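Enquirer: sequence below, structure please.
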Amino acid sequence: MGTTKSNETYSAVSLSGGKDSSCLLILMIEKGLPIDCVLYADTGMEFPEMEAHIAKLDDFLFRERGLHITTLRHPHGFEWLMFDVPQQQKRAIERRIAMGQPPTGYGWPGMRVRWCTGQLKTHLITKETNRLKKEKNALHHIGIAADEAHRCKDDPHNRYPLVEWGITEAQALQICYDRGYDWGGLYEKFHRVSCWCCPLQSLADCRVLYRDFPDLWEQLKRWDAMTWRSFKSDYTVLQLEQRFDFEDEWLKAGNRLGTKAFYSALRERLVELDGTEKHTDPRQPV
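Expert: Predicted coordinates:
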């Protein structure tokens, strides 16, 4: 059902689980386009709702094409990379020890070093698709929407059907909703639906995580206390929690967020709670 004949081109589809790649898979199935494998890199740090979404797509794929999603995983996983991966360079180890930092683990990922995306997602998908391109002359179908066409790479083996069909990000999300895929409401709560523990998520998304996913937040706080680099450059997880609680108090008192008075009072509150002056940028969205 899902496998091409020997004289046909092998067709691989990347699935991140987000709206664009999900829309791509759904439409390729509906349009009767060839699919030989669907590749999904599981970071182990996905929301439970995302895990349920992937399982639902897998059921649909098997029902229509007799295929299951191929799940790729790092051999050790997120926590090992964050806390235990050995550093390779002697100078780096010595520098860490001199700074009072552990000699193992990457710590929280950051904008300049996004080891999580690289080692838990991109490297796994790239390695497998490169193998398929070499061994099977595979075409790699990637879910990039038409309004993000600048992300497309000039590779003769890559295909970007959503761009070809003129489907935007908003349209991709609506197509998924129309087919009954709603991610348990994640896209209604978060601007971006990625790993729940991502330090690069916005303050608004952190606020939702704190208020709506208390179990995940407690895990985030435990990890933050264990590592040498704080969750965000200007906030630890505990300080974010203190900020969000203070926002509720401030609003109940009839005050507005985002003012100079708010940031001044927030700074005083953080100093009062842990005795250390904290940076709170008035320009940062609340």
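
Enquirer: scan the chain for its longest helix.
Expert: Counting residues, the longest helix found in the chain (DSSP state H) is helix 48-65.

Enquirer: sheet partners, orientation included, of the helix or strand following that helix?
Expert: Going down the chain from helix 48-65, the next helix or strand is strand 70-72, by DSSP states H and E. Paired strands of strand 70-72, with direction, are strand 37-41 (parallel) (DSSP bridges).

Enquirer: quick one: low-confidence ranges for the chain?
Expert: Applying pLDDT under 70 to the chain flags the ranges 1-8, 92, 99, 275-286.

Enquirer: secondary structure class for P199?
Expert: Of the three states, P199 takes coil under DSSP: H, G, I helix; E, B strand; the rest coil.

Enquirer: V271 too?
Expert: helix.

Enquirer: quick one on the thing from earlier: same for the longest helix of the chain, what does it pack against?
Expert: helix 19-30 (3 or more C-beta pairs under 8 Å, 6 or more residues apart in numbering; DSSP states H and E). Every C-beta, even on glycine, is put in place using the N, C-alpha and C of the backbone.

Enquirer: okay, now G44: neighbour count?
Expert: Residues near G44, counting by other C-beta atoms under 10 Å, number 12.

Enquirer: for the one 3 residues further on, same thing?
Expert: Applying other C-beta under 10 Å, we find 21 other residues in the vicinity of F47.

Enquirer: roughly how far apart are it and L216?
Expert: Noted for F47: a distance of 8 Å to L216, by C-beta to C-beta, to the nearest Å.

Enquirer: name the residues contacting each of those two.
Expert: Common neighbours of F47 and L216 (criterion: C-beta atoms under 8 Å, 6 or more residues apart in numbering): W196.

Enquirer: ok, and what's touching stretch 166-186?
Expert: Counting by C-beta under 8 Å, 6+ apart, 19-20, 22-24, 26-27, 47-50, 52-53, 56-57, 143, 145-148, 162, 187, 193 sit against stretch 166-186.

Enquirer: if you could redo that for stretch 221-228, that was the one I meant.
Expert: By C-beta under 8 Å, 6+ apart, stretch 221-228 touches 79, 82-83, 96, 100-102, 105, 107-108, 197, 230-231, 236-238, 241.

Enquirer: from those residues, which land in strands?
Expert: Using DSSP state E, no member of the contacts of stretch 221-228 sits in strands.

Enquirer: next step: the residues you listed restricted to helices.
Expert: Under the assignment DSSP H, the contacts of stretch 221-228 contribute E79, R96, V237, L238, E241 to helices.

Enquirer: quick one: those as CSV, columns for neighbour count and distance to R256 too.
Expert: Shown next, in CSV, are the ones in helices among the contacts of stretch 221-228 (neighbours: other C-beta atoms under 10 Å; distance: C-beta to C-beta, whole Å):
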residue, neighbour count, distance to R256
E79, 13, 40
R96, 17, 43
V237, 25, 26
L238, 17, 25
E241, 17, 21
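
Enquirer: rebuild the residues you listed as a markdown table, extending it with distance to K153.
Expert: What follows is the ones in helices among the contacts of stretch 221-228, written out as a markdown table (distance: C-beta to C-beta, whole Å):
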| residue | distance to K153 |
| --- | --- |
| E79 | 31 |
| R96 | 35 |
| V237 | 36 |
| L238 | 41 |
| E241 | 40 |
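
Enquirer: which one of these is nearest to Q87?
Expert: The closest of the ones in helices among the contacts of stretch 221-228 to Q87 turns out to be R96 (C-beta to C-beta; 7.0 Å).

Enquirer: my guess is the closest one contacts Y106. True?
Expert: No - counting by C-beta atoms under 8 Å, R96 stays clear of Y106, with 11.1 Å between them.

Enquirer: ok, the nearest residue to C23 once chain neighbours are set aside to A225 distance?
Expert: In space, and not counting its chain neighbours, C23 is closest to A172: 3.8 Å by C-beta to C-beta, 6 or more residues apart in numbering. In this view, A172 and A225 are 38 Å apart by C-beta to C-beta.

Enquirer: who has more neighbours, these two?
Expert: Neighbours were counted for A172 and for A225 using other C-beta under 10 Å; A172 has more, 26 against 10.

Enquirer: any figure for the gap between that one and L27?
Expert: According to C-beta to C-beta, A172 stands 9 Å off from L27.

Enquirer: repeat that for L61.
Expert: 13 Å.
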